[in-house]
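Engineer: here are the coordinates; sequence isn't available:
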């Protein structure tokens, strides 16, 4: 490895002497400076060296001043400094060492001694560099793993989402819109960035329990009987079951939402009939956005409401079905919400793929080919 | 921070002189040694010091020998050594430095100079320690994140597994057994530990596509019509769809298995009718274990076969339905497989929970209470 060694001395023959010591080492590149100012300027221009051999008595700026000025730089990016000086008095030696000189050699010096001290110091520097670069490698490794972790958590949502898609007619778009609305409202009520993102990622799983509802109930075009409605309500606790038994914060939150997004502020919701602030805030947010989006979307059993009518309903249900604070936050951001609704509109009311096969809309062979 | 500094010298007054230098610093603990052997023995007994002030001329073992013997230890766990010697000749200085001494001070010495050199060296050591401990922290951080990553990947399996549980009568036990069998066979055919573990984790997702099959087909107690059988076959490509669009190796493998675990060695399987080694090895492994476990388990539409009869069937299908190599591997481990089958037997033929509610086996209220 090539090493840049500065020699700072106002006497050219002194520099030549040091140069002579390393003439046979192709890895040592000697740079020269006639005084402290010249040295600092050259370092500023060419970057930090691997080592400095520093005279103390120099014109313009002396060695003590150089040591003072390099202190901060060397704390961050260490390189050794060997003082090579004709000053042999106690005070000079102590001053230089106290200012951070790593070594103090007096002139006249043994060529071989200087050589050995320089190589020892470069070895120390190498160790420092090795540790530092190991730290860098580890840090980027850690960052990569953290990104992978976030990505892997999202994979859970995506897989569960894709699994649900096969069960009812809600396409991914309803889920996308809910995530956007929820993120907006979370921000609006003062959640920090991380909390809002968690809400965004957890909310798409609120209806995952529908995977467990029988087709006869889930896909029924007409009005449900009382018993069928009881079964539909189960999707909250089935969702809670599917998302239970975890220590991942994202899934904890998703479970809370699945369980609580049909509770009502006035206590008449399900499955537990919780009331007011006993309902988790996450569920109170999702319920408003879920109702808004469901009302304004086509469903097997009903046509979409106009947006204005849905907004009236939400206002009317303030403090009944919905937490008043969340309703207020919803209306503070209602322009953005309507924008999302329009930008991410359903392409068409899509039937579950298996229903399409049963109905003959698509052949099995075509499907196999398409997904091959 | 307390620092242990060894002073090795055969002349007690020399040691006392160094002791006097640090008398006022409560953080410096001086330990003494009268020669090199005593020094090394004390280090071996009490652990490595933070710094050594080393005389060169000592009886029993001299300082040069100490430097030689400490070389390996210091490479792993650095601590500085300052030589403090009456030897002022060129060769001694160079020898000591070449043997790794970090500093060389000649006697008689300035008290303040020695002090400054010791403190400088301890600062270098501190930097080294800081970098090393940062590395340790990062490393344990990285390990933790890696474990989290593995754990989070498993979460995907668990969630999808729980979601499937609500759809048909297969309890988690079938899935557990398959994972065990597959792991055994993967090992038997020479996959390494990581590959076998991947197979173990990916195989439980082979039937996840059943989430997309309508209840009327999936839960039908009687024989399926041709059209219904076509729909059942779709679970392979639906599974592939649910597990698609990923860069996680585990999900890649799971997708491959979902798609290929009903292909047959003779080319008469589905969905693609692949033949022989065109079928991914992962699918060829899962199909043998899946058939064995399905045959020996009760199902809505059939009773369990005796193990012997199932084994005969697998033998008979060698080179027809199954890869002969996998069948051989299966029989090489058949004792373990039967053991797993018995150890992880189904408790009872469990109905999907929602079916239990519909049938009145459990009330909704009870379920809400149980899962609360």
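Structural biologist: Structure's in. What do you need? The model shown is predicted, which means the values in this text are computed figures rather than measured ones.
Engineer: going forward, measure contacts between C-alpha atoms and count neighbours the same way
Structural biologist: Will do.
Engineer: return the distance of stretch A:264-272 from the chain's centre.
Structural biologist: Distance of stretch A:264-272 from its chain centroid, counting by Cα atoms, centre = their mean, to the nearest Å, is 36 Å.
Engineer: tell me the mean pLDDT over it?
Structural biologist: Over the span of stretch A:264-272, the pLDDT mean works out to 96.
Engineer: likewise stretch A:58-74?
Structural biologist: pLDDT averaged over stretch A:58-74 equals 94, rounded to a whole number.
Engineer: tell me the buried residues in it?
Structural biologist: Using 16 or more other Cα atoms under 10 Å in any protein chain shown as the burial criterion, the residues of stretch A:58-74 that qualify are A:58, A:61-64, A:66-67.
Engineer: tabulate the residues you listed in CSV, adding columns for secondary structure and distance to chain B.
Structural biologist: Compiled in CSV, these are given as follows (DSSP: H, G, I helix; E, B strand; the rest coil; distance: Cα to the nearest Cα, whole Å):
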residue, secondary structure, distance to chain B
A:58, coil, 22
A:61, coil, 23
A:62, coil, 20
A:63, helix, 17
A:64, helix, 15
A:66, helix, 17
A:67, helix, 14
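Engineer: ok, now which ones touch the closest residue to residue A:19 other than its chain neighbours?
Structural biologist: Excluding its sequence neighbours, the residue lying closest to residue A:19 (Cα to Cα, 6 or more residues apart in numbering or on different chains) is residue A:30, at 6.6 Å. Contacts here follow Cα atoms under 8 Å, 6 or more residues apart in numbering or on different chains; on that basis residue A:30 touches A:4-7, A:19.
Engineer: now name the helix or strand holding residue A:30.
Structural biologist: Assigning secondary structure by DSSP states H and E places residue A:30 in strand A:28-33.
Engineer: who does that strand pair up with?
Structural biologist: Using DSSP bridges, the strands paired with strand A:28-33 in its sheet are strand A:3-8 (parallel).
Engineer: report the distance from the strand it pairs with to the chain centre.
Structural biologist: 42 Å.
Engineer: one more: stretch A:342-362?
Structural biologist: The gap between where stretch A:342-362 is centred and where its chain is centred comes out at 36 Å by Cα atoms, centre = their mean.
Engineer: also stretch A:280-295?
Structural biologist: With Cα atoms, centre = their mean as the basis, stretch A:280-295 stands 27 Å off its chain's centre.
Engineer: for it, buried residues please.
Structural biologist: With burial defined by 16+ other Cα under 10 Å, the residues of stretch A:280-295 counted as buried are A:280-293, A:295.
Engineer: just flag the most distant two among those.
Structural biologist: In these, two members sit farther apart than any others by Cα to Cα. They are A:280 and A:295, at 22.9 Å.
Engineer: buried residues in stretch A:333-348, which are they?
Structural biologist: In terms of neighbour count (16+ other Cα under 10 Å), stretch A:333-348 has its buried residues at A:334, A:337, A:340-341, A:346.
Engineer: which member of those is positioned nearest residue A:260?
Structural biologist: Taking Cα to Cα as the measure, residue A:337 is the one of the buried residues of stretch A:333-348 closest to residue A:260, at 22.2 Å.
Engineer: phi first, then psi, for residue A:86.
Structural biologist: phi -80, psi -10 (degrees, to the nearest 10).
Engineer: burial count for residue A:252?
Structural biologist: With neighbours defined by other Cα atoms under 10 Å in any protein chain shown, the count for residue A:252 comes to 17.
Engineer: returning to that earlier point: list just the nearest of the buried residues of stretch A:280-295 to chain B.
Structural biologist: The shortest separation between chain B and any of the buried residues of stretch A:280-295 is 14.2 Å, and it belongs to residue A:280 (by Cα to the nearest Cα).
Engineer: show me what contacts that closest one?
Structural biologist: Taking Cα under 8 Å, 6+ apart, one finds A:256-257, A:260 in contact with residue A:280.
Engineer: any idea of the pLDDT on it?
Structural biologist: Residue-level confidence at residue A:280 comes out at 98, pLDDT.
Engineer: again with residue A:22
Structural biologist: At residue A:22 the predicted local distance difference test score is 91.
Engineer: thanks again, I'm all set now.
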